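> any chance you could fold what I've pasted below:
(2 chains)
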Amino acid sequence: QQQVKQSPQSLIVQKGGISIINCAYENTAFDYFPWYQQFPGKGPALLIAIRPDVSEKKEGRFTISFNKSAKQFSLHIMDSQPGDSATYFCAASTDSGGGADGLTFGKGTHLIIQP
Amino acid sequence: DAGVIQSPRHEVTEMGQEVTLRCKPISGHDYLFWYRQTMMRGLELLIYFNNNVPIDDSGMPEDRFSAKMPNASFSTLKIQPSEPRDSAVYFCASSFDGNYEQYFGPGTRLTVT
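Down below sits the predicted model:
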């Protein structure tokens, strides 16, 4: 059972455009939703994260939109740059009582920004 | 801080051999996670520790896999005997109590022939 569904699998965006990646979850106990960026040969790196008590979080060119009732969240990359070309993963976890449990990841989106 | 350190970075072994992957978490972090990444299954949680104690090992695929954390600065993931289907990139990540942010190491690419 896939608990976090991510789409699209791949995405091509022109430089300067907006990249949008979507995720949907099933487990209503999830209360932490991060996005990770991964370059080839590297480990995933935390990009931005959101808790369900807010509907949007923005950090620079990166924005998470969160819809608790629909159990969906998305990543928007504004003014996309060739250096943003990478694989992006959404994830979710529950609260173990002090820190997060292990992350449940989406399958990833391979993003290519064309110059 | 040097970040999460994993060794070796690459491991090639023959089916049936024992494989040991190593991880040093970020100093001061008391949560340690082991993940596996494959094309077919994506990133999967295998096991995680809090204060050196295993909390959830439900993701460990079978008895051939075992993990230990003898102290706060070192963890191992062992596969014995290894099989070709164990070929994957294995990541270690750490975080500290009260903070959900997990920091990943560079991974160990394991190839079992």
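
> low-confidence stretches in the chain?
Because you didn't say which chain, this covers chain A. For chain A, the stretches flagged by pLDDT under 70 are A:1-2, A:96-100.

> try chain B instead
B:1, B:98.

> which residue ranges of it form strands?
B:5-7, B:10-13, B:19-24, B:31-38, B:42-50, B:53-56, B:65-71, B:74-79, B:88-95, B:103-104, B:108-112 (DSSP state E).

> same question for chain A.
A:4-7, A:10-14, A:19-25, A:33-38, A:45-50, A:56-59, A:62-67, A:72-77, A:86-92, A:104-105, A:109-114.

> what lies in contact with the fourth one?
The list of residues contacting strand A:33-38 from outside it, by CB atoms under 8 Å, 6 or more residues apart in numbering or on different chains, reads A:21, A:23, A:25, A:44-52, A:62, A:64, A:66, A:73, A:75, A:86-92, A:103, A:105, A:108, B:100-102, B:104. For every residue, glycine as well, the C-beta is placed using N, CA and C.

> beta partners of the residue sitting nearest the centre point of chain B?
Nearest residue to the geometric centre of chain B (CA atoms, centre = their mean): B:Trp34, 3.4 Å. For B:Trp34, the beta-bridge partners are B:Ile47, B:Cys92 (DSSP bridges).

> who touches it in this structure?
B:23, B:45-48, B:67, B:75, B:77, B:90-92.

> make it 6 Å
Residues in contact with B:Trp34 (CB atoms under 6 Å, 6 or more residues apart in numbering or on different chains) are B:46-47, B:67, B:77, B:92.

> please apply the same query to B:Ile79.
By CB under 6 Å, 6+ apart, the contact list for B:Ile79 reads B:19, B:64-65, B:86.

> and for the residue nearest to A:Ser10 when sequence neighbours are not counted, the neighbour number?
Excluding the flanking residues, the one nearest A:Ser10 by CB to CB, 6 or more residues apart in numbering or on different chains is A:His110, at 4.5 Å. By the criterion of other CB atoms under 10 Å in any protein chain shown, A:His110 has 14 neighbours.

> quick one: A:His110 from B:Phe74, how far?
For A:His110, the distance to B:Phe74 equals 34 Å [CB to CB, to the nearest Å].

> do the same with A:Leu11
To B:Phe74, A:Leu11 is 39 Å away according to CB to CB.

> A:Ser7 reaches A:Asn22, doesn't it?
Yes. In this structure A:Ser7 lies within contact range of A:Asn22 using CB atoms under 6 Å: 5.3 Å.

> how about the strands of chain B in JSON lines, adding distance to A:Gln114?
Formatted as JSON lines, those follow (distance: least, CB to CB, whole Å):
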{"stretch": "strand B:5-7", "distance to A:Gln114": "33"}
{"stretch": "strand B:10-13", "distance to A:Gln114": "32"}
{"stretch": "strand B:19-24", "distance to A:Gln114": "37"}
{"stretch": "strand B:31-38", "distance to A:Gln114": "26"}
{"stretch": "strand B:42-50", "distance to A:Gln114": "25"}
{"stretch": "strand B:53-56", "distance to A:Gln114": "42"}
{"stretch": "strand B:65-71", "distance to A:Gln114": "41"}
{"stretch": "strand B:74-79", "distance to A:Gln114": "39"}
{"stretch": "strand B:88-95", "distance to A:Gln114": "27"}
{"stretch": "strand B:103-104", "distance to A:Gln114": "28"}
{"stretch": "strand B:108-112", "distance to A:Gln114": "29"}
